[in-house]
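Student: missing the sequence, but the structure's below:
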Ligand code: AMP
């Protein structure tokens, strides 16, 4: 059985066709500049040269059609008929308070995705366009919505409510939702198996440290807390996002810089984080290089980033009254051994002991990086959101 996974942004579309027998990627690619001049599709098949098509893609429907065409192309394709695609799994940003799990798309589901546009104004419209484009291109093939917010629905009211007047939760659904849910669910579930955690000892903290970053606490795969909030702005310091700030900063900047609230939010989302503090880059490799060359702001940015991660881990140990395993994942978490080491050194009070040889081991593979006598085991576990979406999709349609 083959499952197509789609992740639609406002002007982009990423896809992967996965063979569910082997869970191997048959083909993957990216459509860029949808609706803008200079649209381009890049199609990759393992073991073959990339295939690039420069052709106008005025909307997502045309982009999906082009993806279908390339997948069945006798030369560049990997299937002979789109009927071989059993289902399409869509990454959908926001399911509001309605969906705590993935679901096969019907008109009601589409209405909820639409109703949640105020909560996910950039992503939900694109996600919906992707779904409707697939419905048009492959009538009868089921579409499954896999929500980034679903995992966070596991939180209790005490964890997800902001202490603002309750009426705003009732009126607008203002609460903490959490994002990167597909990754947190996948990695926490895989860690339980990989670390062979027995029942009753499944308190897991996942540090998803990528360009966007978030951290979750879960017991037996159920989310107890997660650091992103109403939007992905809350929580850890990220590439360009500030993470937690006193909300009064917004008022202060608006008044003193003569900015609107939207403009301040734009600064907090796009000009802050590692980029804003270091004034070097949003890419951790650049900031680490600058620190090594003696750049003070870069050093402070890196230290602040780790400080926040260590603080959140401590908070989540407290929220769960313990922890059995800690996992690092995503771009920084999977690749940056020095961040992992320095974070783990801040957890010595928990009895965490890092094994330097294991921590510096091969990249891209799941591994324990703590010593065998570490009181809490620490792991690197590569996230795979596409595979997670494909598995959820298969489970609902088979
Ligand atoms: P992601 O959002 O998960 O794709 O992560 C992307 C981020 O990972 C990039 O912005 C880099 O800052 C970071 N990254 C990737 N490789 C490395 C590395 N070897 N060392 C440090 N950071 C890395």
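Tutor: Now that the structure is in, tell me what you want to look at. This one's a predicted model, so the numbers in the text were calculated from it and none came from an experiment.
Student: residues contacting the helix ranked longest in the chain, please?
Tutor: Longest helix in the chain by number of residues (criterion: DSSP state H): helix 296-320. Helix 296-320 has contacts (CB atoms under 8 Å, 6 or more residues apart in numbering) with 159, 203, 205, 207, 209, 213, 215-217, 219, 224-225, 227, 235-237, 243-244, 274, 277-280, 284, 287-288, 290-291, 323, 326, 339, 342-343, 346-347, 350. Any C-beta I mention is one placed from the backbone N, CA and C, and that applies to glycine too.
Student: so which of those belong to helices?
Tutor: Per DSSP H, the contacts of helix 296-320 map to helices at 159, 274, 277-278, 284, 287-288, 290-291, 339, 342-343.
Student: ok, and the most crowded of these?
Tutor: Comparing those by number of neighbours (other CB atoms under 10 Å), residue 274 comes first, having 27 neighbours.
Student: tell me the contacts of that residue?
Tutor: Neighbours of residue 274 in contact, by CB under 8 Å, 6+ apart: 237-240, 281-282, 284, 287, 301-302, 305.
Student: got a markdown table for those residues, with pLDDT and distance to the ligand too?
Tutor: Listed next are the contacts of residue 274 as a markdown table, based on pLDDT from 0 to 100; distance: CB to the nearest ligand atom, whole Å:
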| residue | pLDDT | distance to the ligand |
| --- | --- | --- |
| 237 | 98 | 12 |
| 238 | 97 | 9 |
| 239 | 96 | 5 |
| 240 | 96 | 10 |
| 281 | 97 | 8 |
| 282 | 96 | 6 |
| 284 | 95 | 4 |
| 287 | 98 | 8 |
| 301 | 98 | 12 |
| 302 | 98 | 10 |
| 305 | 98 | 11 |
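Student: farthest-separated two in these?
Tutor: 240 and 302 (15.3 Å; CB to CB).
Student: neighbour count: the two, which is higher?
Tutor: Between residue 240 and residue 302, counting by other CB under 10 Å, residue 302 is the more crowded of the two (23 against 18).
Student: how much space between that one and residue 175?
Tutor: Applying CB to CB, to the nearest Å, the value for residue 302 to residue 175 is 32 Å.
Student: neighbours of whichever residue of the stretch 151-300 of the chain sits closest to the ligand, how many?
Tutor: Going by CB to the nearest ligand atom, the ligand is nearest to residue 210 of the stretch 151-300 of the chain, at 2.5 Å. Residue 210 has 19 neighbours, counted by other CB under 10 Å.
Student: residues contacting it?
Tutor: 330-333.
Student: so how far is residue 135 from it?
Tutor: Distance from residue 210 to residue 135, by CB to CB: 31 Å.
Student: got it, and residue 359?
Tutor: Going from residue 359 to residue 135 by CB to CB gives 47 Å.
Student: what's in contact with stretch 118-128?
Tutor: Contact with stretch 118-128 is made by 8-10, 60, 90-94, 96, 110, 113-114, 116-117, 145, 172-173, 177, 230, as judged by CB under 8 Å, 6+ apart.
Student: so how do I select the buried members of those in PyMOL?
Tutor: Those of the contacts of stretch 118-128 that count as buried under 16 or more other CB atoms under 10 Å are selected in PyMOL with:
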select buried, resi 8+9+60+90+91+92+93+94+96+110+113+116+117+145+173+177+230
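Student: can you lay out the contacts of residue 210 as JSON lines showing neighbour count?
Tutor: Output for these, formatted as JSON lines (neighbours: other CB atoms under 10 Å):
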{"residue": "330", "neighbour count": "22"}
{"residue": "331", "neighbour count": "18"}
{"residue": "332", "neighbour count": "25"}
{"residue": "333", "neighbour count": "25"}
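Student: now stretch 368-378: buried residues?
Tutor: For stretch 368-378, by 16+ other CB under 10 Å, it's 368-371, 374, 376-378.
Student: ignore what I typed, I meant stretch 199-218.
Tutor: For stretch 199-218, a neighbour-count test (16+ other CB under 10 Å) marks 201-218 as buried.
Student: in strands only, show me these.
Tutor: The members of the buried residues of stretch 199-218 that map onto strands under DSSP state E are 203-209, 213-218.
Student: just these now: which is nearest residue 194?
Tutor: Distance to residue 194, by CB to CB, is smallest for residue 204 among those, at 10.7 Å.
Student: which residues does that closest one contact?
Tutor: If a contact means CB under 8 Å, 6+ apart, then residue 204 has 188, 191-192, 197, 217-219, 323-327 as its contacts.
Student: just residue 178 next, same as before
Tutor: Here residue 178 is in contact with 149, 151-152, 155, 184, 214, 216, 223, 226-229 (CB under 8 Å, 6+ apart).
Student: just these: which are in strands?
Tutor: Under the assignment DSSP E, the contacts of residue 178 contribute 214, 216, 223, 226 to strands.
Student: mind picking the two most distant members of the residues you listed?
Tutor: Spatial extent of the ones in strands among the contacts of residue 178 (CB to CB) is set by the pair 214 and 223 at 11.2 Å.
Student: what's the overlap in contacts for those two?
Tutor: Listed as contacting both residue 214 and residue 223 by CB under 8 Å, 6+ apart are 178, 184.
Student: how many neighbouring residues does residue 221 have?
Tutor: Residue 221 has 15 nearby residues by other CB under 10 Å.
Student: how about the residues of this structure by the ligand?
Tutor: Residues of the chain lying near the ligand by CB under 6 Å from any ligand atom: 210-211, 239, 283-285, 330-332, 335-336.
Student: how would you label the closest residue to the ligand within the chain: helix, strand or coil?
Tutor: Nearest residue of the chain to the ligand, counting by CB to the nearest ligand atom: residue 331, 2.0 Å away. Of the three states, residue 331 takes helix under DSSP: H, G, I helix; E, B strand; the rest coil.
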